[in-house]
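>>> structure here, sequence nowhere to be found:
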């Protein structure tokens, strides 16, 4: 649904976009998701294209209603950022009058993971509030390999591993008005804020030939360089309108001021030593629509009880190389299929879009992403009565 989730309320799903909505939980819910993405990149300078495919675990979470429909807690694990690329540059150098061609290979892998734990509560009949503590941790490895065609020189490798860790928090709120146009509709307006995160960083650089690499010492003689990285806040707002259980529409907007990013260590697009700063504010707007033909009728067939979704979004990326914004436009769609088990659903999603431009010095990506999420829910902590 175009990633429009800030105001989506559900008694069977746990909404990781807004901790305030965790109070809606009626069942103890476990969810696991995976994704597979294919990206085709076109280089404007060389007019060449390449294709890459990668899969990943998208999320794991456990939601427990302490007071069904009023108070719920959630524990969630999900990726916060990803680094996954490979690029090659062909060049040559002069060796005793002869040209020695070589390939400069650059690879990146890793990323940050997010572990969250929090609570959502319903206050009164229309207000919901929530908060979570979020631990960010992980590492990023950048590898540069130089391969000479004639094998006169050994392959040289330089690797830079940066380990990051820190903690932040997310706050959320939602307000719902019911029975506006019909007796069973609801309009929800919601917002969430992820506070800035100060991360401790440690970087190790190794240099060597082939598989033998030695750790380079920092100017102070240590084997690693310590620093700090500050990730800016993220603000999300959304609105959702639900008509019974048959259809709903949602609209979301998010803002991340990456122009205020700060780091004592050089990172991609940012170097405090040289003054390089290619980061810009990130803005995303998205929306979507869902229809469930059977609505509340549990006796209908599986296709009538399935939920069908479609949406789209536009995003201004956080990198602005050559002073040009990198824009992403995408369409999303999917289906949620119920299971015979109460609270169990299988969600299939597809995302198709483009990122960037093949003009000037930029690269244009065309991407296809498929997701599969398994949701299981059952009622726990039920007090048995014996007559």
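Nice, thanks for sending it over. Note that this is a predicted model, so its numbers are computed, not measured.
>>> what's the weakest-modelled helix or strand in the chain?
strand 212-215 (a mean of 61; mean pLDDT, DSSP states H and E).
>>> after it, next one along is what?
strand 225-231 (DSSP states H and E).
>>> would you confirm that residue 107 contacts residue 142?
Yes: applying CB atoms under 8 Å, one finds residue 107 in contact with residue 142, separated by 7.3 Å. C-betas here are computed from N, CA, C, even on glycine.
>>> who's more crowded, these two?
Taking neighbours as other CB atoms under 10 Å, residue 107 and residue 142 compare with residue 142 leading, 19 against 16.
>>> residues in contact with residue 331?
By CB atoms under 8 Å, 6 or more residues apart in numbering, residue 331 lies in contact with 310, 311, 312, 351, 352, 353.
>>> at 6 Å instead, please
312, 352 (CB atoms under 6 Å, 6 or more residues apart in numbering).
>>> average pLDDT for the helix or strand it falls within?
Element membership for residue 331 (DSSP H and E) is strand 327-338. Averaged across strand 327-338, pLDDT comes to 93.
>>> got a list of contacts for the helix or strand following that strand?
As assigned by DSSP H and E, the chain's next helix or strand after strand 327-338 is strand 345-356. Strand 345-356 has contacts (CB under 6 Å, 6+ apart) with 326, 328-338, 362-371, 373, 375.
>>> one more: stretch 269-280?
258, 259, 261, 263, 318, 319, 320, 321.
>>> leaving out chain neighbours, which residue sits closest to the fourth one?
The one in question is residue 263. residue 229 (4.5 Å; CB to CB, 6 or more residues apart in numbering).
>>> pLDDT wise, what is that neighbour at?
For residue 229, pLDDT reads 92.
>>> same question for the one 4 residues further on.
Reported pLDDT at residue 233 in the predicted model: 94.
>>> what distance do you get for the nearest residue to it once chain neighbours are set aside to residue 237?
Leaving aside its sequence neighbours, residue 233 sits nearest to residue 196 (CB to CB, 6+ apart; 4.9 Å). Distance of residue 196 to residue 237, given as CB to CB, to the nearest Å: 18 Å.
>>> can you pull the poorly scored residue ranges out of the stretch 1-150 of the chain?
Within the stretch 1-150 of the chain, the stretches with pLDDT under 70 are 44-46, 95-97.
>>> can you show me the strands along it?
Shown for the stretch 1-150 of the chain, the strands assigned by DSSP state E, counting those that start in this stretch span residues 28-43, 49-67, 71-79, 83-95, 98-123, 127-148.
>>> want to throw the ones you listed into a markdown table with distance to residue 287?
Putting the strands of the stretch 1-150 of the chain into a markdown table (distance: least, CB to CB, whole Å) gives the following:
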| stretch | distance to residue 287 |
| --- | --- |
| strand 28-43 | 21 |
| strand 49-67 | 21 |
| strand 71-79 | 22 |
| strand 83-95 | 28 |
| strand 98-123 | 24 |
| strand 127-148 | 21 |
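>>> quick one: closest of these to residue 251.
For these, proximity to residue 251 was assessed by CB to CB; strand 127-148 is nearest, at 18.6 Å.
>>> okay, buried residues for the closest one please.
128-132, 134-140, 142-143, 145-148 (16 or more other CB atoms under 10 Å).
>>> follow-up on the earlier one: right, and the residue nearest to residue 233 touches residue 234 too?
No: applying CB atoms under 6 Å as the test, residue 196 and residue 234 come out as separate, 9.1 Å apart.
>>> compare the two (neighbour count), which wins?
More neighbours surround residue 234 than the other of residue 196 and residue 234, with 19 against 16 (other CB under 10 Å).
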